[in-house]
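S.K.: Just the structure for this:
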Amino acid sequence: MTFAARLTERTLRLNTRLCVGLDPRADAYADFAALRAHTLAVLDATHAYAACMKPQLAFFEALGLPGLQLLEEVCAAARALDLPIILDAKRGDIGSTAEAYARAWLSGGHAGDALTVNPFLGFGTLLPFVTAARANGGAVFVLVKTSNPDQADVQGGGVSERVADEVARLSAPEAEALSSVGAVVGATHPQELAAFRARMPKAVLLLPGLGAQGGRAEDLAAAFLPGGVGAVVNASRGVQYAAGVDVDAAVEAARGFRDALNAVV
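M.R.: Next up is the predicted model:
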């Protein structure tokens, strides 16, 4: 199945719209062994409440080679749980460099099922990622309207809308109900969700910012398609570090976010 089909199937089967983010922060642990054990424990304990999981590559890269080895371990564990993986790398570049990034993160044993990509070097730079995603049954999530407050410095003035229209254009030739080209739209912009949903009717929406960044489940109904599909909402710190490194607290947080999102749809 395609990424979008797998995500939809899992959403409906487990009745969850939550994406669990994994951001292993070195300063939260005594050593790397503790970081590794906790990260894998959170993944295992919360997967039943997750439609997908999203490792933030920056935190793994910051750990050097052990971090990249842990990323492979995390992805292998997620695959064993049949849990779709969105790698949050926000990659974007030109020509052969974009092709290399696409090979690195959308194919092979260490790759995710989907990748966040940055369109701000020009729309042509998206094509190597889209091509690789389609060839591997995966997906890309194009940054349209990110969750941070200062996104308007670059994404305001109609720029986000232009990117959304390009996402829709790339999605149009695909026969499937949901495209391999998705979009990142922050959960911190609830007043704009209906407009972006209308502009990108076939895109899976990834909504970061639930919890720690101020996004609220009750504000996000407009992101979903009929049947409560077509979008996932990410919580990272609010799950993994809901109460320090308490795994039971992470489970309770994931369950709470899942239930709050289900109440909305």
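S.K.: any low-confidence regions in the stretch 101-250 of the chain?
M.R.: Residue ranges of the stretch 101-250 of the chain with pLDDT under 70: 109.
S.K.: Work out for me the element the most far-flung residue of the chain relative to its centre sits within.
M.R.: Distance to the chain centre peaks in the chain at residue 30, reaching 28.3 Å (criterion: Cα atoms, centre = their mean). In the assignment (DSSP states H and E), residue 30 maps to no helix and no strand.
S.K.: if I look at it, how far off is residue 64?
M.R.: If you measure residue 30 against residue 64 using Cβ to Cβ, to the nearest Å, the figure is 18 Å. No exception for glycine: its C-beta is placed from N, CA and C like everyone else's.
S.K.: cool, and residue 102?
M.R.: 24 Å.
S.K.: Looking at these two, which one has more neighbours?
M.R.: Neighbour comparison, residue 102 and residue 64: the larger count goes to residue 102, with 26 against 10 (by other Cβ atoms under 10 Å).
S.K.: Quickly find the element holding that one.
M.R.: Per DSSP H and E: residue 102 is located in helix 95-106.
S.K.: mind saving the C-alpha coords of that helix as PDB?
M.R.: The C-alpha coordinates for helix 95-106 follow below in PDB (Å, rounded to 0.1, in the frame of the first residue of the first chain):
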ATOM      1  CA  GLY A  95      19.800  19.000  -8.600                       C
ATOM      2  CA  SER A  96      21.900  16.000  -7.700                       C
ATOM      3  CA  THR A  97      22.100  17.100  -4.000                       C
ATOM      4  CA  ALA A  98      18.300  16.800  -3.700                       C
ATOM      5  CA  GLU A  99      18.500  13.400  -5.400                       C
ATOM      6  CA  ALA A 100      21.100  12.300  -2.900                       C
ATOM      7  CA  TYR A 101      18.900  13.500   0.000                       C
ATOM      8  CA  ALA A 102      16.000  11.600  -1.500                       C
ATOM      9  CA  ARG A 103      18.000   8.400  -1.800                       C
ATOM     10  CA  ALA A 104      19.200   8.800   1.800                       C
ATOM     11  CA  TRP A 105      15.900   9.300   3.500                       C
ATOM     12  CA  LEU A 106      13.300   7.800   1.200                       C
END
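S.K.: now for the longest helix along the chain, which elements pack on it?
M.R.: As assigned by DSSP state H, the longest helix anywhere in the chain is helix 247-264. Helices and strands touching helix 247-264, by 3 or more Cβ pairs under 8 Å, 6 or more residues apart in numbering; DSSP states H and E, are strand 18-22, helix 32-46, strand 231-235, helix 237-240.
S.K.: which helices and strands sit right next to the last one?
M.R.: Right, helix 237-240. Helix 237-240 is packed against strand 18-22, helix 32-46, helix 247-264, with contacts defined by 3+ Cβ pairs under 8 Å, 6+ apart.
S.K.: Which stretches in the chain count as helices?
M.R.: Shown for the chain, the helices assigned by DSSP H span residues 3-14, 32-46, 57-61, 65-80, 95-106, 127-135, 152-155, 159-171, 193-199, 237-240, 247-264.
S.K.: Quick one: closest of those helices to residue 113.
M.R.: With Cβ to Cβ, the closest approach to residue 113 among the helices of the chain belongs to helix 3-14: 5.0 Å.
S.K.: Show me how far the closest one is from its chain's centre.
M.R.: Mean-position distance between helix 3-14 and its chain equals 14 Å (Cα atoms, centre = their mean, to the nearest Å).
S.K.: what's the answer for stretch 147-159, then?
M.R.: Using Cα atoms, centre = their mean, the offset of stretch 147-159 from its chain centre is 19 Å.
S.K.: buried sites along it?
M.R.: Neighbour counts over stretch 147-159 (16 or more other Cβ atoms under 10 Å) mark 147, 151, 155, 159 as buried.
S.K.: Return the closest of the residues you listed with respect to residue 95.
M.R.: Nearest to residue 95 out of the buried residues of stretch 147-159 is residue 159 (Cβ to Cβ; 23.0 Å).
S.K.: Make sure residue 264 is actually in contact with residue 220.
M.R.: Yes. Because the distance of 6.0 Å satisfies Cβ atoms under 8 Å, residue 264 is recorded as touching residue 220.
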